[in-house]
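Asks: 3D model of this:
(2 chains)
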Amino acid sequence: MSQKLLASGNEAMAMAALDCGVHLGVGYPGTPSSEILETFSEIGGCAQWAPNEKCALEVGIGVAFANGRSLVTMKHVGLNVAADPFFTIAYSGTPGGLVVVSADDPGMASSQNEQDNRRYAIAAGVPMLEPADSQECYDFLIRAFEISEKFRRPVLFRVTTRICHSKCVLARRSKSDLRATHFDKDPQSNVMIPAFARIAHRKLRTALHELEGLNEKGEFTKTIRKSNDLGVITSGISFQHVRDAAPDASILKIGMTYPLPLKTARHFAESVKRCVVVEEGDPVLEDALKAAGIKVEGKAEMFRFGELNVKRVSKLLADDLTPETPPAPGKPPQLCVGCPHRKAYEVLRDMNCIVSGDIGCYTLGVLPPLSAVDTCVCMGASITVGLGMRKVLPEIQARRIVSVIGDSTFMHTGINGIVEMVYNRPATGHVVLILDNSTTAMTGLQEHPGTGRFLDHTSCPTPVSIENTVRGIGVDNVDVIDAVLDTDKFTELLKQRLASNDTSVIICRRPCILAAVKIKSYEENK
Amino acid sequence: MERVTNITVSGLGGQGVLKVTDILAEVLFRTGFDVKKSEVHGMSQRGGSVSSEVRFGSDVASPMVPEGESDFLVVLDPTQIEVNLHKLKRGGVLIITDDVPTAKLKSPKMLNIMMLGALSAKFPNIGEELWLTVLKDLLPEKFYEMNVEMFRLGRQQ
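Replies: Residues are numbered from 1 along each chain as shown, chains lettered A, B, ... in the order given. I've put the predicted structure just below:
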C-alpha cells in the first residue's frame, strides 16, 4: 500500500534514502540542495554536515567501503571541490551503494555560475540519473543505490533547482532496515596505485558498456508516441516543459543520461520527420547524439543561458530567435536590517579598502549603498585572492587589501588560505576579516564545525575554535571583536593592522539576527 | 489534456509567500487534483522579491506557470504589483492588499493568511472546513485561532 503526499524533490530524495536503508547522509549546505539532508535527519535518518564537499564525499566513500549505503549531497559548484575523490572513486567503486547528488542551478537563482554537471558524469565515467519530478527523485534514488551496488560504481544523481524545490504528488513505499556493515580486505579494488588503477580503468569501461545495455532495456526512459512530424529527446525538468509546449509531439524522455541509450535514441529519431533535443544548459545530449551520427537538431545559443520554461521551449521548437524580454526586475535581496555584517562593511567602505570577498550573505555587500566588495570567485578564495593581489600591487594599494570571509566558509576552504598566508607572507603582511555570525546564513542557517551544534542542532561537545585554529597555524595577530558594539575600536584596530607588515586575523563575532532567536532556543533545549 | 489552473502568489521575503502556496497546494491535493508548486529559494530571506506558483488540474506537466497565464495573481506587497502584473492572464483575477480588511490584522505577519482567505473565496467548490483543517495541520498550533480569524476576514470580503 503506497502512501501519497505532496513533496519537493529534496524531500522525496530524503524519503527514498530513509526507505532504502541509507546508513549516512553527508554533505555541505548549498542552494538548492540543503533540504535533502535536513529532511533526512528530521524523518529519522542519520545525517551530518561536513566542513566541505571533498570531506563529505570522502566520508561517504568510507561508509560505502564498509558495505554501508551513503548519500552525499552538494550544490553544483560543490562537486568542483569534491572532484578529486569523485574521479578516482569512479575507478575503484565501492561495495556499498554510493550516490552523489549534484544540485545544479541553471539561471543562477543563488549561485555564482550555471555550470552543467552532467559533464562530470562523462568526464569521470560515472553513471548518471536525472529525475524529472519528485516521484522520479524517489524511485530513481532507490534504483541508484541498487545500480551502484550491482555494478560497483558511484552514481551521480543530477537534479536542478526546479526539481529540488518544486512540490508534486509522491507515492512512497515501505521502509527497509539498515543492513549490517563489514569491511572485506580487497586492496586490488580499493587501493588505486597505478598497477591496480590500470585494471580498474578497464573494469570501469566494461561496466559502462553493461550499464548502456541496461539503459537500452527502457527502465529509465519514457516514450510518448504522438505526431510523426515532431519528436523531442529530452531529460529532467525540460521534459515537463515540453509536455506543455508541444502537446502533440512525440517525446523520448531519458532518465539515465550517462551512459546514453543510443540505440533507443537512434530508433526514436528515425521514427519522426524532425527530431529536436530540448535540454537546459550545455548541449550535452545533443553533442553525444550527434557524435553517434543520430540525426537531431539542437537548440540555438540563446537557450543555453538560464532556465528553460514552457514559453522558451515553444520558442526553441519554433526556431524563434527574436530577442527575449528580460523579466521585470523585482527587489533584489540585500543584507537584513540589523545584520551585523553591515557595520563591518561600512567601516571597510569608509576606509576605502580593496575587499577580496567570498561566498555567503556577505557577498551582498557588493550592492549599493555599501558597494564594499571588489572580488568574489568561489568558496575560500577571499584569502588567497587577496594574497595574490598583495604580492604584486604597489605598496600603497597592497596596504588597502582586506580579505573578508564568513565563519562557515572559513571552515569550508578558508583554513588552507590562512596556511598560505603564513607560509608565503606578502611584504606588507595581510589582513583577514572573519565575519563570524555563528551560522551558515545564506543557505538557511545550517550548523558547521564552529557553531557547537550538529546538523540536527543538538549540542556538539567539541566545536572547532576559529581563533585557536588561526593561532595554531601561526598568524601574528588574532583579535576577536564585535564590530557593531565596538565600532570605533574595530576601526582603530583595522587601521593599525593594515599599517603593519604583520599577518592578522580579526574575527568580527556577532550572531546573525535571523539565527539569534533559533540559537537561543537550541541552547534552552540542550 | 484538460485545462490546468494557474495561481501565482508574490510578495517580499519574510511575508510568508511560500507558506500561502504550501497551504493552497495541500488543499488542492486533498481535493483530489494533480498539483505542482514551484518557487526559487535561497535569497528569499533577504527581503527580496519572492514569487511562488501553484498549478492544478487532472494532469500537470511543468511546475512553472507560463508567463502571462496566471488565472489568479495574489500580491502581498503593494510595491510588487507592477513587477508581477505581466504574469496575470488577460481576464485573470488580481487580489491585492486593498481587497482585504488590513486594518483588522492582528499582526502584519498574518497578512498572508488573510490574503489566502480572499483567494479561497474564488473556489466555491472547496468547503471552508478543508481549508481550516489544512491551516491546522500546517501552521503552529498556538496561532491557529488567530489565523482562522484572519482567514475568515479575508474570505468574507
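
Asks: can you report how many residues neighbour the nearest residue to residue B:155 once chain neighbours are set aside?
Replies: Take residue B:155 and drop its neighbours on the chain: the residue closest to it by C-beta to C-beta, 6 or more residues apart in numbering or on different chains is residue B:117, 3.8 Å away. Glycine gets a C-beta too; all of them are placed from N, C-alpha and C. By other C-beta atoms under 10 Å in any protein chain shown, 24 other residues sit near residue B:117.

Asks: show the pLDDT at residue B:117.
Replies: Note on residue B:117: pLDDT of 98.

Asks: angles on the backbone of it, please.
Replies: phi -60, psi -50 (degrees, to the nearest 10).

Asks: residue contacts, residue 24?
Replies: Defaulting to chain A. Residue A:24 makes contact with A:46, A:47, A:48, A:59, A:60, A:63, A:68, A:70, A:71 under the criterion C-beta atoms under 8 Å, 6 or more residues apart in numbering or on different chains.

Asks: um, chain B though
Replies: B:7, B:9, B:37, B:54, B:116, B:119.

Asks: likewise for residue A:343?
Replies: So residue A:343 contacts A:483, A:484, A:487, A:490 (C-beta under 8 Å, 6+ apart).

Asks: pretty sure the first one sits against residue A:493.
Replies: Same thing as residue A:483. No. Contact between residue A:483 and residue A:493 fails when scored by C-beta atoms under 8 Å: they sit 9.5 Å apart.

Asks: of the contacts of residue A:24, which is the nearest to residue A:36?
Replies: Closest approach between the contacts of residue A:24 and residue A:36, by C-beta to C-beta: residue A:71, at 7.6 Å.

Asks: from chain B, how far out is the closest one?
Replies: Between residue A:71 and chain B the distance, using C-beta to the nearest C-beta, to the nearest Å, works out to 20 Å.

Asks: what's in contact with stretch A:295-304?
Replies: Against stretch A:295-304 from outside (C-beta under 8 Å, 6+ apart): A:233, A:269-270, A:274-279, A:281-283, A:286, A:289-290, A:312, A:315-316, A:319, A:321, A:323-324.

Asks: if you look at these, which of them are in strands?
Replies: A:233, A:274, A:275, A:276, A:277, A:278 (DSSP state E).

Asks: by neighbours, which of these wins?
Replies: residue A:233 (30 neighbours).

Asks: so for that residue, what pLDDT did the model give?
Replies: Per-residue pLDDT puts residue A:233 at 98.

Asks: tell me the contacts of it?
Replies: Contacts of residue A:233 (C-beta under 8 Å, 6+ apart): A:251-252, A:254, A:265, A:268-269, A:275-278, A:285, A:289, A:296.

Asks: does it have beta-bridge partners, and which?
Replies: On the basis of DSSP bridges, residue A:233 is bridged to residue A:252, residue A:277.

Asks: distance check, it against residue A:239.
Replies: Applying C-beta to C-beta, to the nearest Å, the value for residue A:233 to residue A:239 is 10 Å.

Asks: which of the contacts of residue A:233 sits closest to residue A:128?
Replies: Distances from residue A:128 to these, taken by C-beta to C-beta, are shortest for residue A:254, at 10.3 Å.

Asks: where do the helices sit along the stretch 351-500 of chain A?
Replies: Per DSSP state H, counting those that start in this stretch, the stretch 351-500 of chain A carries helices over the ranges A:381-392, A:395-398, A:407-409, A:415-423, A:466-473, A:487-499.

Asks: cool, and chain B?
Replies: B:17-31, B:81-84, B:111-120, B:128-138, B:144-156 (DSSP state H).

Asks: and those, which is most packed in?
Replies: Ranked by mean neighbour count, the helices of chain B are led by helix B:111-120 with a mean of 24 (mean count of other C-beta atoms under 10 Å in any protein chain shown).

Asks: packing partners for it?
Replies: Contacting helix B:111-120 under the criterion 3 or more C-beta pairs under 8 Å, 6 or more residues apart in numbering or on different chains; DSSP states H and E are the following elements: strand B:5-12, helix B:17-31, strand B:70-75, strand B:88-95, helix B:128-138, helix B:144-156.

Asks: with mean pLDDT added, can I get the ones you listed in TSV?
Replies: Below are the helices and strands packed on helix B:111-120 laid out as TSV (pLDDT from 0 to 100):
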stretch	mean pLDDT
strand B:5-12	96
helix B:17-31	97
strand B:70-75	98
strand B:88-95	97
helix B:128-138	97
helix B:144-156	96
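
Asks: closest one to chain B among the helices of the stretch 351-500 of chain A?
Replies: Within the helices of the stretch 351-500 of chain A, the stretch nearest chain B is helix A:407-409; the backing value is 14.9 Å (C-beta to the nearest C-beta).

Asks: just give me how far the closest one sits from the chain centre.
Replies: Relative to the chain's own centre, helix A:407-409 is displaced by 16 Å; criterion: C-alpha atoms, centre = their mean, to the nearest Å.

Asks: list the helices and strands it packs on?
Replies: Checking 3+ C-beta pairs under 8 Å, 6+ apart, helix A:407-409 ends up next to strand A:430-436.

Asks: chain center to the strand it packs on, what's the gap?
Replies: Counting by C-alpha atoms, centre = their mean, strand A:430-436 comes out at 25 Å from the chain centroid.

Asks: does that strand reach chain B?
Replies: No. Strand A:430-436 lies apart from chain B when judged by C-beta under 8 Å from any C-beta of the partner chain; the minimum separation is 15.4 Å.

Asks: and that strand, C-alpha only, in CSV?
Replies: C-alpha atoms of strand A:430-436 as CSV (Å, rounded to 0.1, in the frame of the first residue of the first chain):
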residue,chain,number,x,y,z
HIS,A,430,47.9,40.8,5.2
VAL,A,431,44.6,41.3,7.0
VAL,A,432,41.8,38.7,7.0
LEU,A,433,38.4,39.7,8.5
ILE,A,434,36.3,36.7,9.5
LEU,A,435,32.7,37.8,9.8
ASP,A,436,31.5,35.2,12.3
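
Asks: got a list of contacts for it?
Replies: Contacts with strand A:430-436, where a contact means C-beta under 8 Å, 6+ apart, come from A:340-341, A:344, A:348, A:362, A:382-383, A:386-387, A:390, A:401-407, A:410, A:414, A:417-418, A:421, A:450, A:466, A:470, A:494, A:497-498, A:503-510.

Asks: coming back round to it: mean neighbour count, the helices of the stretch 351-500 of chain A: which tops it?
Replies: helix A:407-409 (a mean of 28).
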